[in-house]
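Student: Got a predicted model here, sequence first, then my questions.
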Amino acid sequence: MEPCTIIILGATGDLSKRKLIPAVYRLLKDNYLDRCALVGLSLADGTAENMLEAARPFITDFDQGVWDRLRSYASYVQGDFHDIGMYARLAGTLTEVEKQHDLPGNRLLYLATMPEHFATLTKQLALHRIISRGSEAAGKGWQRVVYEKPFGHDGRSAEDINQAIRSVFDESQVYRIDHYLGKEVVSTITTLRCANMIFMPLWQREYIESVQIILNEKRGIEQRGRYYNSYGALKDMVQNHMLQLLALVAMEPPAKFEDQHIRDAKAQVLSKTNVVDVLLGQYDGYRDEAFIPKDSQTDTFAALKLSIDNDRWRGVPFYLKTGKNLYEYSASIHLKLKPVAHMADIAPGAQANSITLQIEPEEGFLLNLNTDVPGQPMQTTPITMQWSHKCVFGHNTPKSYERLLADAIRGDQSVFVRFDEIAHSWRIIDSIKSEERERHTYAQGGRGPKELEAFAETHDMEWYR
Ligand code: BG6
């Protein structure tokens, strides 16, 4: 990949230390990047060494040589996003490090900040020519900006941010990230559905009874109270990760496996997606966490029933469930097939087939079928056919942030999100937020609020996990 400067705004935050710096380390270790500079910017007093040390515990395959190289590439700028002088200092540091490491001026800026800073940062970065429209054409190297999710806090603010961005940058410079799209199984959903005759004809309302998308988290909000309390599960997980998964599962097969066709198909299906029912929860003890007000109404759990108003999916419920501090960490998608006609006569007790896409913690997919119990004709038993990603490809495939950073450096926007997809997703969340709803309390380490049972009963369904 071309040598470049990676600039992280919000370099001492949780995302930077857990994911971004380890991803840059892996890009060096795996020889995707051979020369770069890493410039971190944050409000905290500190040094490049402090910034890297904070990320050190999140690097699993530590190699002293690679770490030393990363240290030699790293710089740190302390500053406040509201201080105009900071942008001049950042511009000065960039010129210096690019000279020192003989870099051609290719710049990847990562805005690992709260979305309320996006518009101001964008304008200032452009004003101080840290990133300029058309830089590549002017022979100054490519310059791109990655915007972390959530993109805005509702449809209106997302629109404002997007306008601020588009007034100074070309769309080809803008990378709206959703790290779930960089996970292995997620990036193969389209291939699995559309390149396999065994699945392609099944993927529609005639054969599919319901779909579940589940992101259960064992983690709580950790040190992120300030951010989390303004967003909650609906805006932190559903608006982006879960609706992107829904879009990939439910979109029409794209005319070509190309970036614009896939984004068109995703935007189209999101525009037809509507809310049928909602259950929100908050874990017991949430209001005692750091930075959380004692009367907080933020949702840390959400269960939804959605419908898709098109010929492929009319009448097929899509259930989404996510929560913090639950009994397990798992991300999965389940497609429940309809029972075969006269199932009770042919195979009493047999269960409807299902297809499970497993995203976390293990990656793979499962096909649940029925067969006979050996020696007992007419008695069926469920069996599972399983494909495990790690058994076939091993552990060493790139992790999502590593892959997404590499794509952005290569200039491949296919797994980044276009603004119309974001706008449709916000319409769905805004419609939920426009009504007052109760937050049901649930115990930490459990399965969610007890009201989830009534939700399942009302909709005559059962959660897979
Ligand atoms: C992030 C959310 O986008 O995704 C976090 O802000 C959440 O709250 C995380 O914990 C889950 O991602 P993963 O890859 O750990 O499943």
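Tutor: Received, thanks. Not measured: the values here are computed from a predicted model. Numbering: from 1, shown residues only.
Student: SS state for whichever residue of the chain sits closest to the ligand?
Tutor: Nearest residue of the chain to the ligand: D236, at 4.8 Å (C-beta to the nearest ligand atom). Where C-beta positions appear, they are placed from N, C-alpha and C, glycine not excepted. Secondary structure, DSSP: H, G, I helix; E, B strand; the rest coil: D236 is helix.
Student: Report the mean per-residue pLDDT for stretch 27-40.
Tutor: In this model, stretch 27-40 has a mean pLDDT of 93.
Student: Give me the buried positions along it.
Tutor: L27, L28, K29, Y32, L33, C36, A37, L38, V39, G40 (16 or more other C-beta atoms under 10 Å).
Student: can you give me the offset of that stretch from its chain's centre?
Tutor: Relative to its chain's centre, stretch 27-40 lies at 23 Å (C-alpha atoms, centre = their mean, to the nearest Å).
Student: repeat for stretch 182-195
Tutor: For stretch 182-195, the distance to the chain centre is 15 Å (C-alpha atoms, centre = their mean).
Student: returning to that earlier point: from the buried residues of stretch 27-40, which single one is nearest Q163?
Tutor: V39 (27.5 Å; C-beta to C-beta).
Student: so the closest one is in which element?
Tutor: Assigned by DSSP states H and E, V39 belongs to strand 36-42.
Student: Spell out which parts of the stretch 351-465 of the chain neighbour the ligand.
Tutor: Contact residues, the stretch 351-465 of the chain versus the ligand (C-beta under 6 Å from any ligand atom): E360.
Student: Just give the nearest non-adjacent residue to T12, would you?
Tutor: S42 (4.2 Å; C-beta to C-beta, 6 or more residues apart in numbering).
Student: related to what we said a few turns ago, please name every helix or strand in contact with the strand holding V39.
Tutor: Helices and strands touching strand 36-42, by 3 or more C-beta pairs under 8 Å, 6 or more residues apart in numbering; DSSP states H and E, are strand 4-9, helix 21-29, helix 48-55, helix 64-73, strand 74-78, helix 84-100.
Student: For T273, which of these is the nearest?
Tutor: helix 21-29 (31.1 Å).
Student: Do the closest one and the ligand come into contact?
Tutor: No. Helix 21-29 stays clear of the ligand (C-beta under 6 Å from any ligand atom), getting no nearer than 12.2 Å.
Student: Use 29 as the first number for this chain going forward.
Tutor: Fine by me, first position is 29 from now on; the one you just mentioned is helix 49-57.
Student: any idea how far that helix is from the chain center?
Tutor: The answer for helix 49-57 is 19 Å, by C-alpha atoms, centre = their mean.
Student: just stretch 36-51 next, same as before
Tutor: 16 Å.
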